[in-house]
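Peer 1: pasting the sequence and the predicted coordinates here, then a few questions.
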Amino acid sequence: MKLLMVGRKVNKLRNWPARFFRPAFFLLFLITACSTELPIEPEESLYSATGIKVSVSSINFDPTFIGRTSQRQVDIEYGDTLDMELLLSTSDSTVFSVSPDSVHFSKKKQNAAVTVTYKPRVPDSVNLGYLYLITYGWPDTLRILPDTLGVDSLRLAGVGRGYFLDMEMIFIPGGTFTMGQDSAAVGGEFKYHDEWDAHQVTLSDFFIGRYEVTNIQYYEFWKEDSTRHTPRDTSVIGRWPNVALDSPNFPVIGVSWNDAAAFCQWLSLRTGERYTLPTEAQWEYVATGGDSMNIYPWSSDTARANLSPAMLANTRLNGDGYTFTAPVDAFSAGASAFGPFNMAGNVWEWCLDWYDPEYYRQDMLWIDPQGSFDPENQLYKVIRGGSWLEDLDEARNTNRGALDPDNREINVGFRVVRLP
């Protein structure tokens, strides 16, 4: 009955006037936006009178992905013989949360561990908050409501990070579109034979990265698993990991298909979402904007179609201002109708599928296809989109490339898909 009554009063109790909290809790802190040295000073706990000991006086969360959570554990000990209820809540539940949000202490249960979670929402910002701890006890069995025995708080601080660490994803509504092209459309030229025949494909909803995965994003993964997935060093781009810190917003290159798949697995474990590489069908659907008449991502927009190729894509010898790769947010004029940047040029992008030059000529129901399952064709993975090292023709929406999944080429990167 006591616990039930407390549960009914939790919301009211959490909104008590500020006089129940120490004025020191509400000091304003001036903090540099990206500083990891957060000035959180410990304070003496007020719980000494009730026998409570807390393992920390303040919690600083390290810079983290936007949308990715970080957690810290707080251990609480109680040494008295009085039955007591501890209620916990945070001052900003949109970024800080605590679980469980209440603990009952008794002679038999004198310690507990609670988990504080931080989930940043905005890059390059500092989030400050408090974990409020309110203790209640019942001095005798005749009292309906408990007495407040003490109020305290733990200071919380966390930092988001920019550099496109937030993995901005765009929702792509499912639909049916025409994939590939007929031989007549290219005059029967055999060099385009793996793009034949045009066929209707139906896709479910998904999310895709607005940008290619960047050096700094991959660096976050690499720091935790640097033994097998280190990008290739090159004389023209630089050595890893220096290049990640010197050019954080450029696409990661020199990564194999296996490296890219490992990144997706790591990101899934870190976020609790399902990340993967795009299928070849998903990639082409986004690149065309769902319109098979589009040769390039921008070609259905007459205003953009009349722009110089140098303003639309980073490809070889087109005077776009970049000798090698370009930042992932460059060439906004060349974005797909769905919104993603650099689906033509900059870097080839790994796809999920095995490459089969005859795949499109199969008679099958094309619903969320994932490539050939013929063991004889499981030698190469599909790459799409062209790069800074090839001419613009290689960056056509329907053009298909193939590469050994272990290869680490200096003009190949990737973007990710998130499944609903």
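Peer 2: Right, received. Where do you want to start?
Peer 1: now for the residue nearest to residue 119 when sequence neighbours are not counted: which residues touch it?
Peer 2: Spatially, and ignoring its direct neighbours in sequence, residue 119 is nearest to residue 69 (4.7 Å; CB to CB, 6 or more residues apart in numbering). In short, each C-beta sits where N, CA and C put it, glycine included. Residues counted as contacts of residue 69 (CB atoms under 8 Å, 6 or more residues apart in numbering) are 117, 118, 119, 271, 272.
Peer 1: please identify which of those is nearest to residue 313.
Peer 2: residue 271 (30.4 Å; CB to CB).
Peer 1: the closest one and residue 252: what is the separation?
Peer 2: Taking CB to CB, to the nearest Å as the measure, residue 271 falls 18 Å from residue 252.
Peer 1: of those two, which one has the most company?
Peer 2: Using other CB atoms under 10 Å as the criterion, residue 271 and residue 252 rank with residue 252 on top: 29 against 15.
Peer 1: and that one, what does it touch?
Peer 2: By CB under 8 Å, 6+ apart, the neighbours of residue 252 are 212, 213, 214, 215, 217, 218, 231, 244, 413, 414.
Peer 1: tell me the one among these nearest to residue 149.
Peer 2: Proximity of the contacts of residue 252 to residue 149 (CB to CB) peaks at residue 217, which lies at 47.5 Å.
Peer 1: helix, strand, or coil at the closest one?
Peer 2: Secondary structure, DSSP: H, G, I helix; E, B strand; the rest coil: residue 217 is helix.
Peer 1: does it touch residue 211 like I think?
Peer 2: No. The criterion here is CB atoms under 8 Å, and residue 217 misses it with residue 211 at 9.1 Å.
Peer 1: tell me which of the two has more neighbours.
Peer 2: Between residue 217 and residue 211, counted using other CB under 10 Å, the more crowded position is residue 217 (27 against 23).
Peer 1: biggest strand in this structure, by residue count?
Peer 2: Counting residues, the longest strand found in the chain (DSSP state E) is strand 147-160.
Peer 1: next one: it to chain centre, how far?
Peer 2: Mean-position distance between strand 147-160 and its chain equals 29 Å (CA atoms, centre = their mean, to the nearest Å).
Peer 1: what is the mean pLDDT for the next helix or strand after that strand?
Peer 2: As assigned by DSSP states H and E, the chain's next helix or strand after strand 147-160 is strand 169-172. Averaging pLDDT along strand 169-172 yields 94.
Peer 1: stretch 255-262 too?
Peer 2: 97.
Peer 1: what's it in contact with?
Peer 2: Taking CB under 8 Å, 6+ apart as the rule, stretch 255-262 contacts 213, 218, 221, 225, 228-229, 231-232, 263, 276-277, 350, 381, 403, 405-408, 412-414.
Peer 1: go ahead and flag the most central residue of this structure.
Peer 2: residue 167 (4.1 Å; CA atoms, centre = their mean).
Peer 1: wouldn't that one be in contact with residue 328 here?
Peer 2: No. Applying CB under 8 Å as the test, residue 167 and residue 328 come out as separate, 11.4 Å apart.
Peer 1: returning to what we had before: which two among the contacts of residue 252 are spaced furthest apart?
Peer 2: Maximum pairwise distance among these (CB to CB): 15.3 Å, between 244 and 414.
Peer 1: picking up where we left off before, want to throw the contacts of residue 69 into a markdown table with pLDDT, secondary structure and distance to residue 385?
Peer 2: Output for the contacts of residue 69, formatted as a markdown table (pLDDT from 0 to 100; DSSP: H, G, I helix; E, B strand; the rest coil; distance: CB to CB, whole Å):
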| residue | pLDDT | secondary structure | distance to residue 385 |
| --- | --- | --- | --- |
| 117 | 89 | strand | 37 |
| 118 | 88 | strand | 36 |
| 119 | 84 | coil | 32 |
| 271 | 81 | helix | 25 |
| 272 | 84 | coil | 29 |
